[in-house]
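# Have a look at this fold, sequence not included:
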């Protein structure tokens, strides 16, 4: 089960899970847009588009259709950004600009750290830059654990 922690200064959300799959498998699920389309979705906000150019300086974009989830008055979600660091299969870092933030131009950072062990991979995702995003931060504290659970189910198949 995924665990989430909001840091004391409200700057970051840190979520962790163990996945019984090799780091290479988990990393591919995070960086291959065909795989992202298969697991990074929720029926309450149907995905419309996933683009991922998983290389340093590459761009990604995620767009949903109108769904039943509403955050900050938004029910059609879009986020995009740039790959800031990549070290397969251990590290993926990208900027995250979301249309449901209070400040729609605010660039936050999502950092995925994958640590292999004998039973699979420990996955830690840290979403930082959220100190001024009260509504989004609350949503992410519940949302990232759900994302990690979906990743776990997909990668362990």
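Looks like it arrived, so ask away. Because the structure is predicted, anything quoted here is derived from the model rather than measured.

# By residue count, tell me the biggest helix in this structure.
For the chain, the helix reaching the highest residue count under DSSP state H is reported as helix 134-155.

# Residues contacting that one, please?
By Cβ atoms under 8 Å, 6 or more residues apart in numbering, the residues outside helix 134-155 that reach it are 1-4, 6, 10, 13, 15-17, 19, 21, 25-26, 29-30, 35, 38-42, 71-72, 98, 100-102, 123, 125, 127, 130. The way it works is simple: take the backbone N, C-alpha and C, and place the C-beta from them, glycine included.

# just stretch 73-80 next, same as before
45, 59-69, 71, 96-100.

# out of those, which are buried?
With burial judged by 16 or more other Cβ atoms under 10 Å, the buried subset of those is 45, 60, 62, 64, 69, 71, 96-98, 100.

# next one: the least confident helix or strand in the chain by mean pLDDT to chain centre, how far?
Using mean pLDDT, DSSP states H and E, strand 3-6 stands out as the lowest-scoring helix or strand of the chain, at a mean of 87. What separates the centre of strand 3-6 from the centre of its chain is 14 Å, taken as Cα atoms, centre = their mean, to the nearest Å.

# contacts for the next helix or strand along the chain from that strand?
Following the chain from strand 3-6 toward its C-terminal end, the next helix or strand by DSSP states H and E is strand 12-19. Counting by Cβ under 8 Å, 6+ apart, strand 12-19 makes contact with 1-7, 26, 119-130, 137, 140-141, 144-145, 147-149, 151-152, 155-156, all of which sit outside it.

# could you give me the average pLDDT of strand 12-19?
Looking at strand 12-19 alone, the average pLDDT works out to 97.
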